[in-house]
Structures are given as structure tokens and as C-alpha cells.
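*Asks:* predicted structure and sequence below. I'll ask about it afterward.
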Amino acid sequence: MVSTIRAVPRILIAMAIVASLSITALALNATRSYPIQPPIVSLQHGHRQLRILLVGDSMAGTLGLGLAAAAPSSGVTLINAALVGCGVSIAWDDGWASSVWVPGPPNFPCQSPKQLTTYWKSFLRRYRPAVVIYVNRMDTISQEVNPGSTQRMTSVLNRQFQAYLTSAMTKAVGVLSSYGAHVILTTSAPTKIGLVGNQYDNPRRWLIYDKILRSVASRSNGRVSIFDLGRFFGGNGSDPKFSLIAPSGVQWRCADGIHFSVAGGILVAPSLLKLAWKVAPPADLSASMARAVPPSVANRPWPPYAAQQSTMGCPA
């Protein structure tokens, strides 16, 4: 990474982590209004149940609740390991900082590449997922260049930062695929902060970020695929738009203009999980070394979402 880009740990979002709610109650409530699709794929590649590890920031975490509700009918076990306010760009240079709103160090384990990769590897080693899905918004937020200063900010609009993030994402993909998993990088889902929007809800940022992801995938020797989350939630074309309500009429995003409702995850599940089945590598003997995914982990709620659902403006 270029020497002019160095940062001191800062955090954009602070959220309380509380005890999990029952996924059964949430899923039943969601499916009364938003029926889960029937199984969308047949089991293949020798997998009796496809294990998927979901990583990223709070956008990933909230998407995961709907995916978890849809997972059983799709032959999938979803493990939601998302971290609030954490992305590759935040951790990879010992704490990139999105101090736009709330100064302070990133939460553990997002303070260094070693912390974050150790966290990821704890899931990769234990459960040996066949697919890892990365969903993130933090990577597109402006971040500090100078220690303790908000006067000089950088972002994906800066060419030096683009080079840095491309390198960091390439290394991150290497870690996420190091136990044999195929990695799916998802493009930027449009945002509109508070349904009003600000300078960070910028299609140019999203397009540049998506280009970086595609470049990483194209050089991955087949280890990485792209899922166009931005097109699914933002429509076709070069000017994606945030939409609170899905074409079907249900609320698929939260009223904070960032996160996903349970319905949003359920609606995207047929397409995203179908891709996961398609790209999953064949099951191998090493998978037999994986531990069983306990009920406390498999297809369970994401605690920060359960705690902040009403604050985010997400339908119950």
C-alpha cells in the first residue's frame, strides 16, 4: 500500500451485542407475508447440506437473517459471522477508519488483518464451509488518511485507495478460500441514509467498488464469483437507485436506508443460494473433519440485528 495512506483505528458504527432471538419465531412471522420459495436446487457435488459462511459488516448481518430463514428449504446451512462496522478496508492496514460520525477504534476483531483473518479462520477450520459470501458497505465509506484527523479523508474515489483496496481484497480472498471454499463477492446494494441520502450514497462509489471486486474475481483462478446484489436491489443500468419497497410490494430494506429486512434476504435467497450451489466445489474427505454446526450457530439470528431491528426501521 502506498505510504501516504496510513490510518489510526476509528469506528463508524457502535451497536450493542445482545442475546439471540428465536429464529423460528422470526422466520414464521416473515414467511406468513413473504412465502419462502420451495427448494431451488437439487443436492449435488456430494454435499448433503451446503455450508455457507457469511462475512462482512452489518449489511451482511442483516441480509443473513432472511437468508437463514430460506436456507433449510434450499439445502443450505448458513453461518452468519458478520461484524458490525467491519470490512476488508477497515482491518487490512491495522485499522482503517471511517470516522465520519463516531470517532473511536474499530471493534475487535477488526483492528488488524491478523485479527480479522484469525476470526475468519476460526469458522473456516471448524465448519469447512463450501462457499463464503462477502457483503459489505464499509469499504465504500470515506476513511482517514492522517491519524486523528477528519480533515483529510480518502475513499474508493481516490486512485491510491483503489490500488490499496484491490490488493487488500485479493489477500482477503486468499484467506477466505484457503480451506477450499469458493468465495462470492457481492456488488454494492444502493443506500439512502435515513431515506434522504448523503454524499456517501453515491453511485460512482458503488460502480468503482464493483469494478474492484470484478477485477479481483477475474484474477482469482476461478476461486471467486460475483453476485450482483446491486442490480437485484437497485435495478439495471449505470445509475442504481435505493428502493425501500420491492416490486412485489413488500418492504425489503430498512428505513435507515442501509440494511435489509427479513423479507429482503428471503427474496434474494433463490438467486444467491442458487449461485452458491452452482459454484460450490465438490465435497472432499477433509470435510469429514469439520465439526457439526450446532443449532446455536446454524441458520440463527444475527444478534445486533435482533437488538436494533426497530432502530433500523425494519419491519418486525
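*Replies:* Done, it's in.
*Asks:* let me see the ranges of the helices in the stretch 151-300 of the chain.
*Replies:* Assigned by DSSP state H, counting those that start in this stretch, the helices in the stretch 151-300 of the chain fall at 159-176, 203-218, 229-234, 262-279.
*Asks:* tell me which residues in the shortest one are buried?
*Replies:* So the one you mean is helix 229-234. 229-230, 232-234 (16 or more other Cβ atoms under 10 Å). Heads up, the C-betas are built off the backbone N, CA and C, glycines and all.
*Asks:* what do you get for the first one?
*Replies:* Neighbour-count burial for helix 159-176 flags 161-162, 164-166, 168-170, 172-173, 175-176 (criterion: 16+ other Cβ under 10 Å).
*Asks:* and it, how far from the chain's centre?
*Replies:* The chain centroid and the centroid of helix 159-176 are separated by 16 Å under Cα atoms, centre = their mean, to the nearest Å.
*Asks:* next, the angle from it to helix 203-218.
*Replies:* 40 degrees (axes from the mean of the first three to the mean of the last three Cα atoms, to 10 degrees).
*Asks:* now helix 159-176 - C-alpha only, PDB.
*Replies:* Only the C-alpha atoms of helix 159-176 are listed here, as PDB (Å, rounded to 0.1, in the frame of the first residue of the first chain):
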ATOM      1  CA  ARG A 159      -6.800   6.100  -7.100                       C
ATOM      2  CA  GLN A 160      -4.300   5.300  -4.400                       C
ATOM      3  CA  PHE A 161      -7.100   3.900  -2.200                       C
ATOM      4  CA  GLN A 162      -8.400   1.900  -5.200                       C
ATOM      5  CA  ALA A 163      -5.000   0.200  -5.500                       C
ATOM      6  CA  TYR A 164      -4.800  -0.400  -1.800                       C
ATOM      7  CA  LEU A 165      -8.300  -2.000  -1.700                       C
ATOM      8  CA  THR A 166      -7.600  -4.100  -4.700                       C
ATOM      9  CA  SER A 167      -4.500  -5.500  -3.000                       C
ATOM     10  CA  ALA A 168      -6.300  -6.000   0.300                       C
ATOM     11  CA  MET A 169      -9.300  -7.700  -1.200                       C
ATOM     12  CA  THR A 170      -7.100 -10.000  -3.200                       C
ATOM     13  CA  LYS A 171      -5.300 -11.100   0.100                       C
ATOM     14  CA  ALA A 172      -8.700 -11.400   1.900                       C
ATOM     15  CA  VAL A 173     -10.000 -13.700  -0.800                       C
ATOM     16  CA  GLY A 174      -6.900 -15.800  -0.400                       C
ATOM     17  CA  VAL A 175      -7.700 -16.300   3.200                       C
ATOM     18  CA  LEU A 176     -11.400 -17.000   2.700                       C
END
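*Asks:* just put the buried residues of helix 229-234 in JSON lines and tack on distance to Thr117 and pLDDT.
*Replies:* Below are the buried residues of helix 229-234 laid out as JSON lines (distance: Cβ to Cβ, whole Å; pLDDT from 0 to 100):
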{"residue": "Leu229", "distance to Thr117": "24", "pLDDT": "96"}
{"residue": "Gly230", "distance to Thr117": "26", "pLDDT": "94"}
{"residue": "Phe232", "distance to Thr117": "29", "pLDDT": "95"}
{"residue": "Phe233", "distance to Thr117": "29", "pLDDT": "95"}
{"residue": "Gly234", "distance to Thr117": "31", "pLDDT": "90"}
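*Asks:* I'd say Val173 and His182 touch.
*Replies:* No - Val173 lies out of contact with His182 (Cβ atoms under 8 Å); the separation is 10.3 Å.
*Asks:* who touches both of these two?
*Replies:* 223-224 (Cβ atoms under 8 Å, 6 or more residues apart in numbering).
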